[in-house]
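Engineer: Compute the structure for the input listed below.
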Amino acid sequence: MASVVRLGLQRAVSLSSRCLTVRQTTLRTLPQLARYCDVAPSDRRYTEKHEWVKLDGDVGTIGITNYAQDSLGEIVYVGLPDIGAKFDVDDEFGTVESVKAASELYSPVSGEVVEVNTALEDEPSLINNAAFTDGWIMKLKVDSPEQLNDLKDAAEYKKFLEEAV
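Structural biologist: All right, here's what the predicted structure looks like:
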């Protein structure tokens, strides 16, 4: 799987064709390297603020990307919305705090909260360890699935990241 793995200061790390190239960052462990796999899974849509949404029927699961969690560093707190709360596109729905910074979370679609990931209350680092799986933040009953067309697909998000870095 690993085509290049060096510890210490990295000029380029390439784990597989599905992984982001990491430049000029200090990596110490293989799990840290693995974070960069699935930079943007193709079954989701993405915002330029680094939130993602995965639609299943009319329910959208929402979280933050690996890029976002890595930029924040070790996450120590997640402020979750209330079940039943309603949000429009770009409404602030919560916060993520790390040892380095705090960041607001913005809804990529409009809808009503039907579930929150309460596991994050006791283990906010789930976002660091599994941003696209166990680290999801909330589920919304989406008002209009067509809203996802206004978001970036995986290829567009990867290109956005390449241009931003």
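
Engineer: Name the nearest residue to residue 151, sequence neighbours excluded.
Structural biologist: Leaving aside its sequence neighbours, residue 151 sits nearest to residue 45 (Cβ to Cβ, 6 or more residues apart in numbering; 3.7 Å). All C-beta spots, glycine's among them, are computed from the backbone N, C-alpha and C.

Engineer: mind checking pLDDT for the one you found?
Structural biologist: Looking at residue 45, its pLDDT is 98.

Engineer: for the one 4 residues further on, same thing?
Structural biologist: Looking at residue 49, its pLDDT stands at 95.

Engineer: just the strands in this protein please.
Structural biologist: Applying DSSP state E to the chain gives strands spanning 8-10, 25-27, 45-46, 51-56, 59-64, 75-79, 86-87, 92-98, 102-106, 111-116, 138-142.

Engineer: So which bits of the helix of greatest length in the chain are buried?
Structural biologist: Ranked by residue count under DSSP state H, the longest helix found in the chain is helix 154-164. For helix 154-164, burial by neighbour count (16 or more other Cβ atoms under 10 Å) applies to 154, 157-158, 160-161.

Engineer: And stretch 91-103, by the same measure?
Structural biologist: For stretch 91-103, burial by neighbour count (16+ other Cβ under 10 Å) applies to 93-94, 96, 98, 103.

Engineer: Show residues contacting it.
Structural biologist: The contact list for stretch 91-103 (Cβ atoms under 8 Å, 6 or more residues apart in numbering) reads 64, 68, 72-81, 85, 87, 104-107, 110, 113, 124, 127, 137-138.

Engineer: That one: end-to-end distance?
Structural biologist: Start-to-end span of stretch 91-103 (Cα to Cα, to the nearest Å) is 14 Å.

Engineer: coming back round to it: from the buried residues of stretch 91-103, which two are the most distant?
Structural biologist: The largest separation in the buried residues of stretch 91-103, counting by Cβ to Cβ, is between 93 and 98 at 17.8 Å.
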